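Novice: Provide a 3D model corresponding to the input given below.
(chains A and B)
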Amino acid sequence: MTMDLFVNAIIAGILLGGFYVAVTVGISIAFGILDIANIAHPAFIILGSYIAYIVNSRFGVDPVLVAVLMLPVFYGLGALVYEVYYHAFERRGQDALAGLSFFFGLLFITEVALILVFGVDYRYVEASYIGPTIRFGFVDLPLRMLIPCVISLLLIVGLQLYLSRTFIGRAIMAVSQDQQALRLLAADPVRIKRVAFAISIATTALAGAFLIIIQPVEPSVGREYIGRVFAICVLGGLGSLPGTVIGAMLLGIVESLTATFYGPSWAPAVAFGFLLLTLAFRPAGILGR
Amino acid sequence: MASSITIKNIDAGYGAVRVLENVSVEVKSGETVALLGTNGNGKSTLMKCIMGIVRPSSGSIVAEIDGVKHELIGKTTEEIVDLGIALVPEGRRLFPRLTVEENLLLGAFRPTARAQMQRNLEFCFETFPRLRERAKQLAGSMSGGEQQMLALARALMLAPKILLVDEPSVGLAPILVSRTIDAIKQLKESFGLTVLMAEQNFTQAIRIANRGYVIVHGKIEFEGGSPEELNNNDLIRKFYMGM
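Specialist: So this is what the prediction gives:
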């Protein structure tokens, strides 16, 4: 009996970790690779959730399909935010503290705007896969967790291939290390950063849809994820997408085990304790370079 | 096809500080020219002027690439590199947390270089077998000499016509300085490059240079038409040999 619980808790943790991958991958790019501490990231995720909610409730379109269609729009939004950030802060060398407050502002503005328009009620989407669960013996695989997990893993494999196999991708990996050196290789670092940041925001369209598939959403739900996404990013190792997958899975499993055996309220404390312990032994994170 | 650089009467500096005064330097097609001078005389600033990193307040810098002339002043660094002018910067400026191979492949970023990437990569690995052995290692974890080889190889991946090398000997043991200078010569010959090299190490630099300029306090004080002329110059004796 305990064995059943244990295996199910592990499986649930992996599925949860898959969802965390989607939530964190954008921060891994923006913070881990570009050094831009975009704490407004969860706000874009919530925005993604609300867009999935609106289109789903009005027209009955599948939330994942909505997210895929929104990818170019979010990409454009990300490019725009980076332009503002670059011209207002980064170019003047004020990216550390002033930039941080810029993203804080963005977080609150988005949240308040959503509250003003939609109120603070929880919203949810409808899709055929939200209810059913696949069962293998005593193992439960709820589809509403399985689908986000699978798509998230495909997403991060695609991004990893993009970063390691393409010229722009490699330039993205290099840009925070030495911008001048990149210029000397005929690559414009501002353009490279804009592309990377835009990709980072584009991933929030998918993460937002996954969030509202998994749980009902209200405008300030994103705050719960701020600590978690940065923790996963640091745990896995800054700048490493495979590290992000490992970090997300570990955090998911630890949270799930704790919630199963000791109660859900212990989950965040144990998860962050786990983070501290890991960093004590591996300060650069699990796969940090 | 001819590729050369003609620098005429440039003045440049940082804010109110004048660093270069009325500097004229010419590197003809296929030559290796040494820009000689001790620290703080403006060698690196001249390199930065050519690459569009520092903008001269007057004068002109014309690069001829495959017979076509381009005025470089006013162009961005990216545009200048894209013409086919590569700089191996002082301090090497590698990406320390990328692998050797990733550093090399980034060298082929510009479209012209992408087309010949595999061939150039193979050439780099043959010329510097060490880089092949360490292809998957992080660039920052290599020794100074290996890093200098990587910096040279990365510049070569750009498929340049003109190669600028800024202080290749800095921070290297004498034996490695000598090897680095040999490597520059070898690359120049294999690729038919035109080379301008800023260097403090006079004896090493003139081993491979056809001609040289001596720069003192931002002015060209002597122009030597051959290594012998440089060797027998009083200024050089004074500055380098303490005679």
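Novice: Give me the residues contacting stretch A:157-170.
Specialist: A:25, A:29, A:172-173, A:187, A:192, A:195, A:199, A:203, A:241-242, B:98, B:102, B:105-106, B:108-109, B:114 (C-beta atoms under 8 Å, 6 or more residues apart in numbering or on different chains). All C-beta spots, glycine's among them, are computed from the backbone N, C-alpha and C.
Novice: Could you rerun that using 7 Å?
Specialist: Stretch A:157-170 is contacted from outside by A:25, A:172-173, A:192, A:195, A:241-242, B:102, B:105-106, B:109, B:114, using C-beta atoms under 7 Å, 6 or more residues apart in numbering or on different chains.
Novice: for chain B, what spans make up the strands?
Specialist: Using DSSP state E, the strands of chain B run over B:4-14, B:17-27, B:32-36, B:58-65, B:68-71, B:85-88, B:162-166, B:194-199, B:211-216, B:219-224.
Novice: got the buried residues for the helix or strand containing A:Phe6?
Specialist: A:Phe6 is part of helix A:2-27, with elements assigned from DSSP states H and E. Residues A:8-27 are the ones in helix A:2-27 that count as buried (16 or more other C-beta atoms under 10 Å in any protein chain shown).
Novice: likewise stretch A:64-75?
Specialist: Residues of stretch A:64-75 classed as buried: A:64, A:66-67, A:70-71, A:74-75 (neighbour count, 16+ other C-beta under 10 Å).
Novice: burial count for the one residue in the stretch 1-150 of chain A that gets nearest to chain B?
Specialist: Of all residues in the stretch 1-150 of chain A, A:Ile33 sits closest to chain B, at 10.3 Å by C-beta to the nearest C-beta. Other residues lying near A:Ile33 total 24 when counted by other C-beta atoms under 10 Å in any protein chain shown.
Novice: how about it, what does it touch?
Specialist: A:172-173, A:176, A:196, A:239.
Novice: do that again at 6 Å, thanks
Specialist: A:Gly239 (C-beta atoms under 6 Å, 6 or more residues apart in numbering or on different chains).
Novice: same deal with the one 5 residues further on?
Specialist: Under the criterion of C-beta under 6 Å, 6+ apart, the contact list for A:Asn38 reads A:30, A:103.
Novice: cutoff 7 Å now
Specialist: A:Asn38 touches A:27, A:30-31, A:103, counting by C-beta under 7 Å, 6+ apart.
Novice: Now it: which helix or strand?
Specialist: Going by DSSP H and E, A:Asn38 is not in any helix or strand.
Novice: and it, what are its phi and psi?
Specialist: When quoted as degrees, to the nearest 10, the phi and psi of A:Asn38 stand at phi -80, psi 90.
Novice: A:Lys193 versus the spatially most central residue of chain B, what's the distance?
Specialist: The centroid of chain B falls nearest to B:Val165 when counting by C-alpha atoms, centre = their mean (1.6 Å). Separation of B:Val165 from A:Lys193 (C-beta to C-beta, to the nearest Å): 29 Å.
Novice: Nearest to chain A among the strands of chain B would be which one?
Specialist: strand B:85-88 (5.5 Å).
Novice: I'd like the average pLDDT over the closest one.
Specialist: The average pLDDT within strand B:85-88 is 97.
Novice: Could you report the pLDDT at the residue nearest to the centre of chain B?
Specialist: In this model, B:Val165 is scored at 96, pLDDT.
Novice: Tell me who's in contact with it.
Specialist: By C-beta under 7 Å, 6+ apart, the residues touching B:Val165 are B:88, B:184, B:195, B:197.
Novice: so where is chain B shaky, pLDDT-wise?
Specialist: Low-confidence regions of chain B, defined by pLDDT under 70, span residues B:237, B:239-243.
Novice: Check it for its longest helix and report it.
Specialist: The longest helix of chain B (DSSP state H) is helix B:174-191.
Novice: which residues sit against that one?
Specialist: Contact with helix B:174-191 is made by B:32, B:127, B:145, B:148-149, B:152, B:156, B:165, B:168-169, B:172, B:193, B:195, B:197, B:201, B:204, B:207-208, as judged by C-beta under 7 Å, 6+ apart.
Novice: which among those end up buried?
Specialist: For these, a burial check counting by 16+ other C-beta under 10 Å picks out B:32, B:127, B:145, B:148-149, B:152, B:156, B:165, B:168-169, B:172, B:193, B:195, B:197, B:201, B:204, B:208.
Novice: For the residue nearest to B:Arg154 when sequence neighbours are not counted, list the residues it contacts.
Specialist: Here the nearest residue to B:Arg154 in space, its sequence neighbours aside, is B:Gly107; by C-beta to C-beta, 6 or more residues apart in numbering or on different chains that works out to 4.1 Å. The contact partners of B:Gly107, by C-beta under 7 Å, 6+ apart, come to A:185, B:113, B:154-155, B:157-158.
Novice: distance of B:Gly107 from A:Ser220?
Specialist: Using C-beta to C-beta, B:Gly107 is found at 47 Å from A:Ser220.
Novice: List the residues that contact the closest residue to A:Pro132 other than its chain neighbours.
Specialist: The spatially closest residue to A:Pro132, leaving aside those adjacent along the chain, is A:Leu143, at 5.2 Å (C-beta to C-beta, 6+ apart). Neighbouring residues of A:Leu143 by C-beta under 7 Å, 6+ apart: A:129, A:132-134.
Novice: hmm, 10 Å instead?
Specialist: A:127-134, A:213 (C-beta atoms under 10 Å, 6 or more residues apart in numbering or on different chains).
Novice: Check A:Arg289 too.
Specialist: When contacts are counted by C-beta under 10 Å, 6+ apart, A:Arg289 touches A:173, A:237-240, A:243, B:96-99, B:138, B:140.
Novice: wouldn't A:Val221 be in contact with A:Ile45 here?
Specialist: Yes: with contact defined as C-beta atoms under 10 Å, A:Val221 reaches A:Ile45; the gap is 8.8 Å.
Novice: what's the overlap in contacts for the two?
Specialist: A:211-212.
Novice: Who are the packing partners of whichever helix or strand A:Gly99 is part of?
Specialist: Assigned by DSSP H and E, A:Gly99 falls within helix A:97-118. Counting contacts by 3 or more C-beta pairs under 10 Å, 6 or more residues apart in numbering or on different chains; DSSP states H and E, helix A:97-118 packs against helix A:41-59, helix A:63-88, helix A:223-236.
Novice: okay, now B:Leu83: neighbour count?
Specialist: Neighbours of B:Leu83 (other C-beta under 10 Å): 20.
Novice: Tell me how far it lies from A:Ala186.
Specialist: B:Leu83 is 9 Å from A:Ala186, by C-beta to C-beta.
Novice: what do the two both touch?
Specialist: B:110, B:112.
Novice: Tell me if the helix or strand that A:Val245 is a member of is near chain B.
Specialist: Secondary structure from DSSP H and E places A:Val245 in helix A:241-261. No: Helix A:241-261 is not in contact with chain B by C-beta under 10 Å from any C-beta of the partner chain; minimum separation 13.0 Å.
Novice: could you dump that helix to CSV, C-alpha only?
Specialist: The C-alpha coordinates for helix A:241-261 follow below in CSV (Å, rounded to 0.1, in the frame of the first residue of the first chain):
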residue,chain,number,x,y,z
LEU,A,241,18.4,23.7,-20.2
PRO,A,242,19.0,20.1,-19.4
GLY,A,243,19.8,21.3,-15.9
THR,A,244,16.4,23.0,-15.9
VAL,A,245,14.7,19.7,-16.7
ILE,A,246,16.5,17.9,-13.9
GLY,A,247,15.9,20.8,-11.4
ALA,A,248,12.2,20.9,-12.3
MET,A,249,11.8,17.1,-12.0
LEU,A,250,13.6,17.0,-8.7
LEU,A,251,11.5,19.9,-7.2
GLY,A,252,8.3,18.3,-8.6
ILE,A,253,9.2,14.9,-7.1
VAL,A,254,10.3,16.3,-3.7
GLU,A,255,7.1,18.4,-3.5
SER,A,256,4.9,15.5,-4.5
LEU,A,257,6.5,13.1,-2.0
THR,A,258,6.3,15.6,0.8
ALA,A,259,2.7,16.4,0.0
THR,A,260,1.8,12.7,-0.1
PHE,A,261,3.5,11.6,3.1
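Novice: Thank you kindly, that will do.
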